[in-house]
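Participant: Sharing a sequence plus its predicted fold:
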2 protein chains.
Amino acid sequence: MSHNAELIAVGTELLLGNIANTDAQMLSKGLSALGINVFYHTVVGDNPERLKAAVALAKTRADIIITTGGLGPTCDDLTKNVLAECFGKKLVYDEESAARIRAYFDRLHTNRPMTENNLQQAYLPEGCTILSNDWGTAPGCAFEADGVHVIMLPGPPSECAPMFEHRAAPYLRSLSDGTIASRTLRIFGMGESSVEARLRDRMNSMQNPTLAPYAKTGEVELRITAKADTLGEAQALIAPVEKELCEMFGPLVYGADVDSLEQVVAMHLKLKGLTLGCAESCTGGLAAKRMTDLPGASAVFKGGVVSYTNEVKQNVLGVPQALLEEYGAVSEQVAAAMARGARKVLGCDLALAVTGVAGPDPDDRGNPVGLVYVALAAPDGVRVRTLHQGMGRERIRITSASHAFDMARRWLTGLPDGE
Amino acid sequence: MSHNAELIAVGTELLLGNIANTDAQMLSKGLSALGINVFYHTVVGDNPERLKAAVALAKTRADIIITTGGLGPTCDDLTKNVLAECFGKKLVYDEESAARIRAYFDRLHTNRPMTENNLQQAYLPEGCTILSNDWGTAPGCAFEADGVHVIMLPGPPSECAPMFEHRAAPYLRSLSDGTIASRTLRIFGMGESSVEARLRDRMNSMQNPTLAPYAKTGEVELRITAKADTLGEAQALIAPVEKELCEMFGPLVYGADVDSLEQVVAMHLKLKGLTLGCAESCTGGLAAKRMTDLPGASAVFKGGVVSYTNEVKQNVLGVPQALLEEYGAVSEQVAAAMARGARKVLGCDLALAVTGVAGPDPDDRGNPVGLVYVALAAPDGVRVRTLHQGMGRERIRITSASHAFDMARRWLTGLPDGE
């Protein structure tokens, strides 16, 4: 039997937009990996009546209810009180939880003394499984009643995540039969609607595995998900679909279960013992920032030059003044010269360059917003891509940097530079 | 009459945990600023029956329903079809929206052609207010039926945010009576719990305006919110509280209703006719990226050097080899030399430099993760801040860049460089 979970987050700070409901994302990912469906997320404020209504509704459509938040003393343990009432349970004092709470405060900073209402957290629904909290004070709990499994977790993400992984997940694993496996292919260079149009018939005919496309900025993810009795069987269901998709999209597929284009570039650089550098105008440091987001980037990334003025293009990168005057900073010629210059001045094997108009206004030569030249200088020469992108400043910058990484990826893997 | 809004996000990717529901956070903040209450967030998948159920429920408890997502061709315009059905509306073809979609694709890369299902997006509920989308293809819409205002917005945050600000918010503003005004002070250099401790008594005694602190990465926002019949009256309630807070936190307050430290730096540079550049090691381009996130940055930002290796520090920034050997790349001396070098090579008035250990591992000289030196080279000399930050790689990088901007801000406004 497959399980359906509903997530109920409790907290007025969510409804005011002070924080995003990242607990729901973390739990959804974790539940999906356990083969448990999630059909609804609900967020309510610190309000007993509205929480009661949300729980009553969830009981009618889910067999697992997971709450986050509303367990601390600042909200009078709202969630515990309401859930206990909804399922006809009494709260009973748990001496071990009280001792843990006392010990936690003993370890803390002296300016945050334990107050009496901290000990309210030691009252828990009778007969529940206590989920002890090693990352904060409020213990979680789990119980089954009225045919529903109820799990309550603390709200702060730094407590909720380990409490799910180490307390709730083991409890849930014992409930579920079968396993779910998934694999995500990443595609760069084709829009979501084109990918979708190509896949629509195939997708609709699939039951297990299933196939779902997701748009990221300038990219598409294809997630293949299979259910089976064992992990091996689930993976065996995925493999032929993965092969089929790789054949269908060819060099547009840049990786499976990878995080980003730059991660794939760094991996190939490392394998080949090569280094990268970059020269950036309109991306203004974004490509360098993305490379150095990767821990350990220093093994393959030498550095970059952000040449936001012609002066810096000339003086640091050695772009000839004549080129800048004849073609302008936003030109194929200057992109190539920037890449060549970066390769030399940074002493790297491959250099990327980006110059273009990110907006909001056209440049002083009248080049339109979205016109960007991306170049790669490699030992065998320089190539340039011309982009016309109709979108906002942020997307233009992100997508331009991605094109630069895609050029490096194609060079490193011996693929032609089809845009 | 005060309004109650319910947010319904549509997208299986949310239920699978691929993305967090950041649209809900953005909308909640925006609605709160408009004086509109939000009592529930709901998330459903790409499933017509469950979306119908969620809308039916929302109709019973909210007088404004805002949906996000489910408008694109990949989900067959699920949201539009279901909402039209729930409120008994026909979908009619809108020629102007179709023309906009065609124009959007004309501006795009040739390898992303428009498909027929893109034009489905031009079908909209009869009699609705069309919310034209200048940030993507799917138009939004708004209508009133059965005593409820319905607003549909696209899901991608890069479209949803401007669509709310420029399309939905003006529509909603016309519905609300009375006015709410708010003002947000930004503080850099003091932790949230210290700010909160200092304000606690004051905050609890306030009714109108109210005061709420929000933690950002390394920063704290203080939001003052007042309700009144007119905007002028609301602003008059805010002014004395703002003055009081500015006196309380002194030079830690870097601005009111500003977006970021870098925005304030850019503003002061512009006022003074000065230019900035930067040299980055552990921040790897992040400071330059943040400066160039600002439209029009080219007026004050000359560029940067990402010197991720000693070689680049020497060859491009001219840091003496002797300094690197004696003190190591992570040192006060090298930070100062990087800033001096950047100022010279980039030809700017002020240059920032950052060198340190962002982790995950200590550097080869045994410097601990979180040790970062930030320098400012100005016409009157060089100063250096030493930071010890106990947090993860991403936070260390963001906070280090912020410290660099804070040094520039203090220099530009004649404040002492207290860390």
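Facilitator: Cool, the structure landed. Numbering: from 1, shown residues only, chains lettered A, B, ... in the order given.
Participant: Now find how far off-centre stretch A:218-231 is within its chain.
Facilitator: 16 Å (CA atoms, centre = their mean, to the nearest Å).
Participant: buried stuff in it?
Facilitator: A:218, A:219, A:220, A:221, A:222, A:223, A:224, A:225, A:226, A:227, A:228 (16 or more other CB atoms under 10 Å in any protein chain shown). For glycine as for every other residue, the C-beta is placed from the backbone atoms N, C-alpha and C.
Participant: Chain B next: which of these are close?
Facilitator: A:221, A:223 (CB under 8 Å from any CB of the partner chain).
Participant: Keep only those of the buried residues of stretch A:218-231 that are in strands.
Facilitator: Among the buried residues of stretch A:218-231, the residues falling in strands (DSSP state E) are A:219, A:220, A:221, A:222, A:223, A:224, A:225, A:226, A:227, A:228.
Participant: about what we covered before: closest one to residue B:238 out of the buried residues of stretch A:218-231, please.
Facilitator: Nearest to residue B:238 among the buried residues of stretch A:218-231: residue A:218, at 41.1 Å, using CB to CB.
Participant: Quick check: the gap between the closest one and chain B.
Facilitator: 10 Å (CB to the nearest CB, to the nearest Å).
Participant: give the contact list for residue A:258.
Facilitator: A:186, A:264 (CB atoms under 8 Å, 6 or more residues apart in numbering or on different chains).
Participant: helix or strand for the residue located most distally from the centre of chain A, which one?
Facilitator: Distance from the centre of chain A peaks at residue A:322, with 44.6 Å (CA atoms, centre = their mean). Assigned by DSSP states H and E, residue A:322 belongs to helix A:321-327.
Participant: where does that helix sit relative to the chain's centre, distance-wise?
Facilitator: 42 Å.
Participant: Let me know the next secondary structure element after that helix.
Facilitator: Counting by DSSP H and E, what follows helix A:321-327 is helix A:332-346.
Participant: what helices or strands is that next one leaning on?
Facilitator: strand A:276-280, strand A:301-307, helix A:310-315, helix A:321-327, strand A:350-356, strand A:371-378, strand A:381-388 (3 or more CB pairs under 8 Å, 6 or more residues apart in numbering or on different chains; DSSP states H and E).
Participant: try 7 Å
Facilitator: strand A:276-280, strand A:301-307, helix A:321-327, strand A:350-356, strand A:371-378, strand A:381-388 (3 or more CB pairs under 7 Å, 6 or more residues apart in numbering or on different chains; DSSP states H and E).
Participant: Check the average confidence over that helix, would you?
Facilitator: Here helix A:332-346 scores 98 as its mean pLDDT.
Participant: Now tell me what touches it from outside.
Facilitator: With CB atoms under 7 Å, 6 or more residues apart in numbering or on different chains as the test, helix A:332-346 has contacts from A:277-279, A:302-303, A:305, A:307, A:313, A:316-320, A:323-324, A:327, A:351-353, A:355, A:373-377, A:382, A:384, A:386, B:312, B:315-316.
Participant: can I get the CA coordinates of it in PDB?
Facilitator: The C-alpha trace of helix A:332-346 is given here as PDB (Å, rounded to 0.1, in the frame of the first residue of the first chain):
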ATOM      1  CA  GLU A 332      32.500  39.200 -31.600                       C
ATOM      2  CA  GLN A 333      36.000  40.600 -32.100                       C
ATOM      3  CA  VAL A 334      36.300  42.000 -28.500                       C
ATOM      4  CA  ALA A 335      34.800  38.800 -27.000                       C
ATOM      5  CA  ALA A 336      37.600  36.800 -28.700                       C
ATOM      6  CA  ALA A 337      40.300  39.300 -27.700                       C
ATOM      7  CA  MET A 338      39.100  39.200 -24.100                       C
ATOM      8  CA  ALA A 339      39.300  35.400 -24.000                       C
ATOM      9  CA  ARG A 340      42.700  35.400 -25.600                       C
ATOM     10  CA  GLY A 341      43.900  38.100 -23.200                       C
ATOM     11  CA  ALA A 342      42.500  36.300 -20.100                       C
ATOM     12  CA  ARG A 343      44.200  33.100 -21.200                       C
ATOM     13  CA  LYS A 344      47.500  34.900 -21.300                       C
ATOM     14  CA  VAL A 345      47.300  37.100 -18.300                       C
ATOM     15  CA  LEU A 346      45.700  34.500 -16.000                       C
END
